[in-house]
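Engineer: can you look at this prediction? I've put the sequence above it.
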2 protein chains.
Amino acid sequence: MSEFDKSVSEKIDLLKRQLLKLMPEPTVLKVAACKLTMAHLQHPTSPRCSIYTPLALLILQGKKHSVLGSEEMEYGAGQYMVTNLDIPSTCHVSEASPEKPYLALYVELDSGIIADLLREMLLPKLTGGIHRAMAVAKVETPLLDAFLRLAELAEKAEEEQKIMAPLVLREIHYRLLTGAAGDYIATLNTVGSKDNQILKAVEWIKNNFAEKINVDDLAERFGMTASTFYRNFMKVTTLSPIQYQKQIRLNEAQRLMLAKSFDAQKAAYAVGYESATQFSAEYKRRFGLPPARDIKRLTA
Amino acid sequence: MSEFDKSVSEKIDLLKRQLLKLMPEPTVLKVAACKLTMAHLQHPTSPRCSIYTPLALLILQGKKHSVLGSEEMEYGAGQYMVTNLDIPSTCHVSEASPEKPYLALYVELDSGIIADLLREMLLPKLTGGIHRAMAVAKVETPLLDAFLRLAELAEKAEEEQKIMAPLVLREIHYRLLTGAAGDYIATLNTVGSKDNQILKAVEWIKNNFAEKINVDDLAERFGMTASTFYRNFMKVTTLSPIQYQKQIRLNEAQRLMLAKSFDAQKAAYAVGYESATQFSAEYKRRFGLPPARDIKRLTA
């Protein structure tokens, strides 16, 4: 083991100890003031569809499996996953046991901080290639140090969190931008890049999910020909704009049924479906069960 | 040695190693982007009069001796000195040898950051007592950690310094405010406190050193009776307003002769003296030699 890897593995051990100190029992712990969520799980979980919001997730022990469209990724101890798009994904914890629990933590990414840092940074020329909506990289010491400080902050008094968390979070964003996934984050956030145009298109669809999509109009709005737009959108999200919208609609419908007790028909219309039957069929295809039964299962 | 002291002494060792790495030979090294100055000295220095600007100085090895008016202070390894006023002081490194060099580092304090932090902090009730212009305290782990990160940053690329230094410096200010000298810094910077009024009076005199001082006018300007003002000014600075102004004038005159090659007479008039003879006499009392000979010594 090189000196470098030793330092990484020692720091991962420190972080594991800190997480187990904060969560001696299996649980998911959110520390809002630190924009930090930590997980300690002792069994694999079932695949679950959800929309990833922009985040950086670091795995300390165990493994996680994500499906993004047609792509599958598995990442484990010492790796982190970054996504900087609101992207539908099916994922689950694939390796966890009482002897060797899944231990992981993630922070929400803040596009304001990223824009700020990009203005201050002398970036190497971006590769210009279009990127997938997720990136996986091996963690390095500076990022680990910052994650460790944030996890230590999680047990501190409110005032210390309020003052220190913005500093540590800004450092985490900077370490992400200078790390192996930095090019991915920078390109997505660089105004004028194709990735950034797609990021904006994704945001637009997400915020207007109930509207009818016309690819020609969207392409024009984001300054591309319809075919370039379609191709780039597919590259980033692995989905067509219509498929992306459908997943956003179905997730939103599920949320409305769970959080606001909408019935299936009301949810279907609320997210832009014109036919409750079509909604039920597509819902079942995505979540495995028809709406009512799925909600029953989730609230059981 | 308690667990706590052990962690402090280990971190002091790390900091010493870092300073010796940056300065293998005796020198004083300033890293402007980090607002950090580090010293490695192998011999005691002669007492030198100077105006301390607001700073926090941490001693890692060796000792330093400061005279503030009628008060003497000696502080050494594991102690830090904070001053938050522009205060004339005579000081020297009192313990240093080739075997055990004096190793220390200081950061400039930023009143904007302090004001910012004070607004965010739920401060314990300030003691209300008036404080001396300097405070000495035992260093604690969080402050040491932040100093260590700053010293590590000193060898990093310009971009990393530009982005990370403000974060680490803000943390250092916060750790100072929550440390043993926090009450001192907070009171001086809390608008309306007597300390803060004196701080402002000190600033006023410093910025208007060539003007004639009238204690009654000054007292009125800072909202106190002349006798309260005089008493509080003495408590904080150990000097009367007139004495303080004299020291500022003499230091400024020395600076003008050194940096701008003014002769003694031109310097005397520039800082507000009406008599070159009186200037020479007072200069000699402060610096030990008459102006021309002192400058010759200093530029030798």
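Structural biologist: Cool, got the structure. Numbers count the residues shown, from 1 in each chain, chains lettered A, B, ... in the order given.

Engineer: first vs last residue of stretch A:131-149, how far apart are they?
Structural biologist: Length of stretch A:131-149, first residue to last, C-alpha to C-alpha, to the nearest Å: 30 Å.

Engineer: quick one: the residue in the stretch 151-300 of chain A positioned nearest to chain B and residue A:11, what's the gap?
Structural biologist: Residue nearest to chain B within the stretch 151-300 of chain A: residue A:167 (4.5 Å; C-beta to the nearest C-beta). Just so you know, the C-beta spots here come from the backbone N, C-alpha and C atoms, and that holds for glycine as well. According to C-beta to C-beta, to the nearest Å, residue A:167 and residue A:11 sit 19 Å apart.

Engineer: tell me where the stretch 101-250 of chain A has strands.
Structural biologist: Applying DSSP state E, counting those that start in this stretch to the stretch 101-250 of chain A gives strands spanning A:102-108, A:134-138.

Engineer: now residue A:46, what's its secondary structure?
Structural biologist: Counting by DSSP: H, G, I helix; E, B strand; the rest coil, the backbone at residue A:46 sits in coil.

Engineer: so it touches residue A:91, yeah?
Structural biologist: No: counting by C-beta atoms under 8 Å, residue A:46 does not reach residue A:91; the two are 10.4 Å apart.

Engineer: who has more neighbours out of the two?
Structural biologist: Comparing residue A:46 with residue A:91 by neighbour count (other C-beta atoms under 10 Å in any protein chain shown), the higher total belongs to residue A:91, at 19 against 7.

Engineer: just the C-alphas of stretch A:286-298, formatted as PDB.
Structural biologist: Output in PDB follows, covering the C-alpha atoms of stretch A:286-298 (Å, rounded to 0.1, in the frame of the first residue of the first chain):
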ATOM      1  CA  ARG A 286     -41.800   2.200 -13.400                       C
ATOM      2  CA  PHE A 287     -42.600   1.300  -9.900                       C
ATOM      3  CA  GLY A 288     -43.500  -2.400 -10.300                       C
ATOM      4  CA  LEU A 289     -47.000  -2.100  -8.900                       C
ATOM      5  CA  PRO A 290     -50.200  -0.100  -9.900                       C
ATOM      6  CA  PRO A 291     -50.500   3.200  -8.000                       C
ATOM      7  CA  ALA A 292     -52.900   2.200  -5.200                       C
ATOM      8  CA  ARG A 293     -51.100  -1.000  -4.300                       C
ATOM      9  CA  ASP A 294     -47.700   0.700  -4.500                       C
ATOM     10  CA  ILE A 295     -48.800   3.400  -2.100                       C
ATOM     11  CA  LYS A 296     -50.200   0.800   0.200                       C
ATOM     12  CA  ARG A 297     -46.800  -1.000   0.200                       C
ATOM     13  CA  LEU A 298     -44.800   2.200   0.800                       C
END
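
Engineer: returning to what we had before: can you tell me the closest non-neighbouring residue to the residue of the stretch 151-300 of chain A closest to chain B?
Structural biologist: Nearest residue to residue A:167 in three dimensions, chain neighbours excluded: residue B:167, at 4.5 Å (C-beta to C-beta, 6 or more residues apart in numbering or on different chains).

Engineer: now do stretch A:95-102, average pLDDT.
Structural biologist: Averaging pLDDT along stretch A:95-102 gives 97.

Engineer: tell me where the model's unsure across the stretch 51-200 of chain A.
Structural biologist: Applying pLDDT under 70 to the stretch 51-200 of chain A picks out residues A:123-130.

Engineer: quick check: residues of it near chain B?
Structural biologist: Residues of the stretch 51-200 of chain A that fall close to chain B, judged by C-beta under 8 Å from any C-beta of the partner chain: A:117, A:120-122, A:159-160, A:162-164, A:167, A:170-171, A:174, A:178.

Engineer: one more time with 7 Å
Structural biologist: A:117, A:120, A:121, A:122, A:159, A:162, A:163, A:164, A:167, A:170, A:171, A:174 (C-beta under 7 Å from any C-beta of the partner chain).

Engineer: farthest-separated two in the residues you listed?
Structural biologist: Largest separation among these by C-beta to C-beta: A:122 and A:159, giving 35.3 Å.

Engineer: more neighbours: the two, which one.
Structural biologist: Counted by other C-beta under 10 Å, residue A:122 and residue A:159 do not tie: residue A:159 has more neighbours, with 15 against 8.

Engineer: can you give me the pLDDT of residue A:286?
Structural biologist: Reading off the model, residue A:286 has pLDDT 86.

Engineer: contacts only, for it.
Structural biologist: By C-beta atoms under 7 Å, 6 or more residues apart in numbering or on different chains, the residues touching residue A:286 are A:49, A:247, A:250.

Engineer: now do 6 Å
Structural biologist: Contact partners of residue A:286, counting by C-beta atoms under 6 Å, 6 or more residues apart in numbering or on different chains, are residue A:250.

Engineer: what strand or helix carries it?
Structural biologist: Secondary structure assignment for residue A:286, by DSSP states H and E: helix A:276-287.

Engineer: buried residues in stretch A:57-71, which are they?
Structural biologist: A:57-69 (16 or more other C-beta atoms under 10 Å in any protein chain shown).

Engineer: which one among the residues you listed gets closest to chain B?
Structural biologist: Nearest to chain B out of the buried residues of stretch A:57-71 is residue A:58 (C-beta to the nearest C-beta; 19.8 Å).

Engineer: could you say which helix or strand contains the closest one?
Structural biologist: Here residue A:58, judged by DSSP H and E, is contained in strand A:55-61.

Engineer: so what are the sheet partners of that strand and their directions?
Structural biologist: Partners of strand A:55-61 in the sheet, by DSSP bridges, are strand A:79-83 (antiparallel), strand A:102-108 (antiparallel).

Engineer: distance to residue B:199 and mean neighbour count added to these, as a markdown table?
Structural biologist: Converted to a markdown table, these look like this (distance: least, C-beta to C-beta, whole Å; neighbours: other C-beta atoms under 10 Å in any protein chain shown):
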| stretch | distance to residue B:199 | mean neighbour count |
| --- | --- | --- |
| strand A:79-83 | 46 | 23 |
| strand A:102-108 | 39 | 23 |
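
Engineer: so which of those comes closest to residue B:136?
Structural biologist: Proximity to residue B:136 (C-beta to C-beta) singles out strand A:102-108 among these, at 38.4 Å.

Engineer: in the helix holding residue A:286, what's buried?
Structural biologist: With burial defined by 16+ other C-beta under 10 Å, the residues of helix A:276-287 counted as buried are A:276, A:279, A:280, A:282, A:283, A:286, A:287.

Engineer: give me the pLDDT for the fourth one.
Structural biologist: Residue A:282 is assigned 93 on the pLDDT scale.

Engineer: if I look at it, how far off is residue B:224?
Structural biologist: 77 Å.

Engineer: next one: the fifth one
Structural biologist: The spacing between residue A:283 and residue B:224, counted by C-beta to C-beta, is 75 Å.

Engineer: what's the neighbour count on residue A:98?
Structural biologist: For residue A:98, the neighbour count with other C-beta under 10 Å is 8.

Engineer: I misspoke; the intended subject was residue A:211.
Structural biologist: So residue A:211, with other C-beta under 10 Å, has 11 neighbours.

Engineer: returning to that earlier point: just the buried residues of the residues of the stretch 51-200 of chain A next to chain B.
Structural biologist: The neighbour-count test (16+ other C-beta under 10 Å) applied to those identifies A:117, A:121, A:163, A:164, A:167, A:170, A:171, A:174 as buried.

Engineer: closest to residue A:22 among these?
Structural biologist: residue A:164 (16.2 Å).

Engineer: wait, that closest one touches residue A:152, no?
Structural biologist: No: counting by C-beta atoms under 6 Å, residue A:164 sits too far from residue A:152 to count as a contact (9.5 Å).

Engineer: quickly find the element holding residue A:51.
Structural biologist: When elements are assigned from DSSP H and E, residue A:51 belongs to strand A:48-52.
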